[in-house]
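Engineer: Below are the sequence and a predicted model for it; my questions follow.
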Amino acid sequence: MEENGKNIVKTDEGAKDGQTKCPKCGATDISLNVKTGKLRCNFCRHEFEVQKFDEILDNDIENLKGEVIGSGASNIEADSKDMITLKCTSCGAEVVIDTASTTVARCHWCRNTLSINQQIPNGAVPDTVLPFKISKQDAKIAIENFVGKRKFFAHPQFKKEFSTDNVMGVYLPYMIVDANAHARLVGQGEHEIRRYTVKHGDSSTTYYDAELYDVEREFDIAIDDLTVESSKDKLSNDKNKTNNIINSIMPFDTENCVKWDSNYIKGYTSEKRDINIEELKPIVNEQCKDVARHSANSTLEYYDRGVKWGAESLDIKGQKWVSAYLPVWLYSYLEKKGNTNLLHYVAVNARTKETMGSVPIHKPKLLFISF
Ligand SMILES: [Zn+2]
Ligand SMILES: [Zn+2]
């Protein structure tokens with residue numbers, strides 16, 4: 001579908017709202033088996049193969065032209081409603097799902113699971129999802145290890161109250177971006193040719209002789225799977241602690257993303273996307289420049305005293321945007337400090353088990369140590 005020069009690719013082809021039935025027994029109680037990454041019928045234990053997202057939207061970055069957008073990443077409409085009513089096909093009841101917080105619900109009469117798989121213009125249904133792979137038990141152990149290593153400095157109150165019982169699995173909203181670009185970097189580089197030390201009485205000075213070169217690099221670059229948060233409060237720069245923590249448990253193995261199915265989020269919580277592509281473009285384009293600069297580094301070894309770029313340009317020939325839910329285990333702790341509350345987090349990447357966080361520090365002990 002062409003829309004204002006943008007190519008919007010429908011990614012929810014064949015998706016159905018309402019009951020998703022087990023192909024073997026017809027039950028609707030289906031959820032993710034973290035051990036296999038597949039969906040499992042909780043009635044007959046049958047597991048389904050999942051369709052890789054790469055099969056839905058191809059990954060040929062070198063030939064990417066213009067703007068390709070997954071339909072789940074298209075603009076959020078201001079007047080879109082979060083509340084959606086589904087009619088249960090087993091008993092006829094009308095079940096309301098508040099898509100601001102979930103896309104699955106149980107029919108209150110017959111207990112069948114109803115889900116929303118067709119995209120709706122409020123950002124709640126993404127193009128793709130990366131399923132949880134680390135179990136809650138393993139996440140708890142990772143968090144306990146992380147906190148354990150920091151216990152010596154931790155606040156006594158926190159030490160007393162720490163328990164991983166409140167650990168929650170959350171799917172956080174991201175945009176996954178590919179770019180086909182042409183980069184041009186112009187600057188000057190220095191190569192050291194001689195180094196010598198001159199003594200003046202007791203002290204000495206080291207001198208360098210270097211040659212100065214004009215350096216220019218021009219190349220095509222294929223940028224694969226940049227991931228940017230697509231939640232407004234995560235992007236605000238007011239020293240947002242969660243944001244820094246989540247950034248440090250990156251990257252995710254986004255190549256293993258699968259076609260969206262609401263049953264993946266059963267038993268987990270999710271955070272709806274609330275930001276559009278246009279607002280994310282400046283951030284993404286800066287990140288693309290960083291990637292380009294970084295990829296030029298391997299060709300600059302001769303300039304052992306560094307290269308300083310004076311001009312850099314990145315011409316983006318093609319860009320692909322896909323919305324995704326990525327899995328994180330979160331432990332949170334509210335520290336009371338006088339009248340204010342400070343929120344601490346420990347986050348575990350639910351694919352790689354990379355763990356990062358903050359714990360309340362006991363200041364007097366720290367001071368004592370530094371003396
Ligand atoms: Zn079944
Ligand atoms: Zn029903």
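Structural biologist: Perfect, thanks for sending it. Residues are numbered from 1 along each chain as shown. Ligands and ions are numbered 1, 2, ... in the order given.
Engineer: okay, now the residue in the stretch 201-350 of the chain that ligand 1 sits nearest to: neighbour count?
Structural biologist: Nearest to ligand 1 in the stretch 201-350 of the chain, going by C-beta to the ion, is Asn263, at a distance of 12.3 Å. (C-beta placed from N, C-alpha, C; glycine too.) Residues lying near Asn263 (other C-beta atoms under 10 Å) number 22.
Engineer: Distance from the chain centre to stretch 72-89, please.
Structural biologist: Distance of stretch 72-89 from its chain centroid, counting by C-alpha atoms, centre = their mean, to the nearest Å, is 23 Å.
Engineer: Go ahead and produce CSV holding the CA coordinates of that stretch.
Structural biologist: Coordinates of each C-alpha in stretch 72-89 appear next as CSV, following Å, rounded to 0.1, in the frame of the first residue of the first chain:
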residue,chain,number,x,y,z
GLY,A,72,2.1,-2.2,12.8
ALA,A,73,4.4,0.8,12.8
SER,A,74,2.1,3.2,11.1
ASN,A,75,0.9,6.3,12.8
ILE,A,76,-1.1,6.2,15.9
GLU,A,77,-4.5,7.9,15.3
ALA,A,78,-5.4,10.5,18.0
ASP,A,79,-9.0,9.4,18.1
SER,A,80,-8.4,5.7,18.2
LYS,A,81,-10.1,3.8,21.0
ASP,A,82,-8.3,1.5,23.4
MET,A,83,-11.4,-0.5,24.3
ILE,A,84,-12.4,-3.2,21.9
THR,A,85,-15.3,-5.5,22.3
LEU,A,86,-15.1,-9.0,21.0
LYS,A,87,-17.9,-11.5,20.7
CYS,A,88,-17.0,-14.9,22.1
THR,A,89,-17.8,-17.5,19.4
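Engineer: hang on, the earlier thing: got the contact list for the residue of the stretch 201-350 of the chain closest to ligand 1?
Structural biologist: For Asn263, the set of contacting residues under the criterion of C-beta atoms under 8 Å, 6 or more residues apart in numbering consists of Thr20, Ile30, Ser31, Leu32, Leu39, Val104, Thr113, Ser115.
Engineer: The first one and ligand 1: what is the separation?
Structural biologist: To tie it back to what came earlier, the one meant is Thr20. Distance check for Thr20 against ligand 1: by C-beta to the ion, to the nearest Å, it reads 11 Å.
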